[in-house]
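Enquirer: What would the 3D arrangement of this be:
(one chain, ligands or ions: 2)
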Amino acid sequence: MKMIKNIAVIILAAGKSTRMKSDIPKVLHPICGRPMLGYVLDLIKGLKAKKVVAVLGYKHELVRKYLGRGVTTVVQKKLLGTADAVKTALSTLKGFKGTVLVLYGDTPLLQKDTLSKILKYHIENNMDATLLTAHMEKPFCYGRVLRDKYSSISGIVEEKDADDVEKEIKEINTGIICFNKDKLNDALKLVKPNNRKKEYYLTDTISILYKKGCVMDSVRLTDINEAFGVNSRLELAKANAIMQFRINDKYMKEGVSIMDPVSTFIGFGAKIGIDTVIYPFTVIESDVKIGMRCFVGPFAHLRAGTCLEDDTLAGNFIEITRSRIGSKTIAKHFSYIGDARIGKGANIGAGTVTANFDGGKKNLSVIEDKAFIGSDTVLVAPVRIGKGAKTGAGSVVTRNVPDKTIVVGIPAKPLKNKKR
Ligand code: UD1
Ligand code: MG
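Expert: Ligands and ions are numbered 1, 2, ... in the order given. This is a model prediction of the structure:
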């Protein structure tokens, strides 16, 4: 998009979110294993914005840490409203001329295409303000878009301040607005906290611009889920479900079979190869890598740092964390594999447990290629099971096992006659 050059983005993220009842800033609450603010940051990648300014408030140092470099931050000392927040952000955009795009940190479901659409429309038509609006049959808690007799946008009224007729309006303000910076700056000076919440509303700039005869229009959102704002735990769960659907949909399009997408929870950023099959009630966290043609679940929990190479099987009721499982290794039932390096073609019997934690630190279990771990084996880490070695059912392995050796018992000892 050539015309999109002079863009500055303001992300409003100062809110404490009283309704979440949390000590964590709202925008850091995770959706599919990742702070919701991360999805908002994804949106602006590729925009080549001149500047991205995030307005922070509650526990700003935590949010700033997450934002990292590349985002300018300002702290809104008192949360006086969205207009005040934008004003605070504009103090870092003194010399800037062009389009200011306002995004909310608590609206993580917005899609990149939608953003491109509104920016394109705003810039190509040289608008003073362009609103992203949506049609909702039963709007609740959203600002309603007011239009004059020519259907031109004339203002926004917040639900709390709306009269009964205005409450019937089905066109809502998603909160995403593009402004001409100078016009926005002028309008902000005129915003007064004359409303129920006694706040400075950004939305009041729209009626101010209308009275000045500015050119404004809207871009209509087709999928209203995109406008979904997270203000409570219930909304967090709903946003999570929508995002999970999108993530699972993406994997399926890429060639992964998910038998029951509704009961499959995959964290943002997990990598899964083609022709892998995931059975129901499985949790795969972010930072997990799964190769091609693997079988996972049902009821599997693959935690951060898990890597399954191609053609492996991690079956029912297994938990794996910080472990690498070599190709063609099979771990079919009831196992806990933590801090392990397992080679290729190994067999991990039902009920195998790596006792990785000694009360002080986590220890490594190494299982070499083609080892055979008998059912209910406990590997007391640190420990190494050699190539092609075997452990008897129920053994508790406390010492390293050389290659091709069979051990049995508690504590496990080599079988002299090599009989099982
Ligand atoms: C806002 C809009 C409403 C729109 C809705 C969409 C206003 C006045 N109203 O209402 O028209 O339909 O979003 O979700 O803008 N924030 C700050 N500083 C403040 C106040 C808020 O940074 O002083 C941030 C919040 O953290 C949040 C965003 O601004 O990310 C929106 O604020 P919120 O209080 O959630 O506004 P809504 O009541 O949802
Ligand atoms: Mg909100």
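Enquirer: Quick check: the nearest residue to residue 144 once chain neighbours are set aside vs residue 104, distance?
Expert: Distances taken as CB to CB, 6 or more residues apart in numbering place residue 169 nearest to residue 144, at 4.0 Å, with adjacent residues excluded. From N, CA and C alone the C-beta is placed, and that goes for glycine too. Taking CB to CB, to the nearest Å as the measure, residue 169 falls 21 Å from residue 104.
Enquirer: These two: who's more crowded?
Expert: residue 104 (22 against 18; other CB atoms under 10 Å).
Enquirer: Quick one: residues contacting the more buried one.
Expert: Residue 104 sits next to 11-13, 40, 175-176, 229 when contact means CB atoms under 8 Å, 6 or more residues apart in numbering.
Enquirer: Over to residue 214?
Expert: Contacts of residue 214 (CB under 8 Å, 6+ apart): 128-129, 180, 183.
Enquirer: From those, which land in helices?
Expert: residue 183 (DSSP state H).
Enquirer: before we move on, back to that, and of the contacts of residue 104, the nearest to residue 395?
Expert: residue 40 (51.8 Å; CB to CB).
Enquirer: With ligand 1 as the reference, measure out to residue 246.
Expert: 20 Å (CB to the nearest ligand atom, to the nearest Å).
Enquirer: Counting neighbours, what do you get for the residue of the stretch 101-250 of the chain found nearest ligand 2?
Expert: In the stretch 101-250 of the chain, the residue that lies nearest ligand 2 is residue 229 (4.0 Å; CB to the ion). Residue 229 has 17 neighbours, counted by other CB under 10 Å.
Enquirer: Kindly report the same for residue 11.
Expert: 28.
Enquirer: For the helix or strand hosting it, C-alpha coordinates in CSV please.
Expert: Residue 11 is located in strand 7-13, with elements delineated by DSSP states H and E. The C-alpha coordinates for strand 7-13 follow below in CSV (Å, rounded to 0.1, in the frame of the first residue of the first chain):
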residue,chain,number,x,y,z
ILE,A,7,1.0,6.9,9.9
ALA,A,8,1.4,7.1,13.7
VAL,A,9,-0.3,4.5,15.9
ILE,A,10,-1.6,5.2,19.3
ILE,A,11,-2.4,2.1,21.5
LEU,A,12,-4.6,2.8,24.5
ALA,A,13,-3.6,0.5,27.2
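Enquirer: Can you confirm whether it lies near ligand 1?
Expert: Yes. Counting by CB under 6 Å from any ligand atom, ligand 1 has neighbours in strand 7-13: 12-13.
Enquirer: so what strands line up beside that strand?
Expert: Note on strand 7-13: by DSSP bridges, its sheet partners are strand 51-56 (parallel), strand 99-104 (parallel).
Enquirer: which is the next helix or strand following the last one?
Expert: Tracing the chain past strand 99-104, the next element assigned as helix or strand by DSSP H and E is helix 112-124.
Enquirer: quick one: buried residues of that next one?
Expert: Buried residues in helix 112-124, defined by neighbour count with 16 or more other CB atoms under 10 Å: 114-115, 117-119, 121-123.
Enquirer: follow-up on the earlier one: nearest to residue 384 among the contacts of residue 104?
Expert: residue 40 (46.0 Å).
Enquirer: would you say that closest one is within a helix?
Expert: Yes. Read with DSSP: H, G, I helix; E, B strand; the rest coil, residue 40 is one of the residues of a helix.
Enquirer: Show me which of the contacts of residue 104 is closest to residue 198.
Expert: residue 12 (18.3 Å).
Enquirer: Looks like the closest one contacts residue 105 (just checking).
Expert: Yes. The pair residue 12 and residue 105 qualifies as a contact (CB atoms under 8 Å) at a distance of 6.2 Å.
Enquirer: hmm, back to that, any chance of the contacts of residue 104 in a markdown table, with pLDDT too?
Expert: Converted to a markdown table, these look like this (pLDDT from 0 to 100):
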| residue | pLDDT |
| --- | --- |
| 11 | 98 |
| 12 | 96 |
| 13 | 94 |
| 40 | 96 |
| 175 | 94 |
| 176 | 96 |
| 229 | 90 |
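Enquirer: I only care about those residues that end up buried; give me the ChimeraX line for that.
Expert: A single ChimeraX command selects the buried members of these (16+ other CB under 10 Å):
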select :11,12,13,40,175,176,229
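Enquirer: Could I get the phi/psi values of residue 349?
Expert: phi -70, psi 160 (degrees, to the nearest 10).
Enquirer: Tell me which residues touch it, please.
Expert: With CB under 8 Å, 6+ apart, residue 349 has these contacts: 372-377, 393.
Enquirer: hmm, which of these are the buried ones?
Expert: Looking at the contacts of residue 349 with 16+ other CB under 10 Å, the buried ones turn out to be 372-377.
Enquirer: Leaving out sequence neighbours, find the closest residue to residue 36.
Expert: In space, residue 36 is closest to residue 108, 4.0 Å off (CB to CB, 6+ apart).
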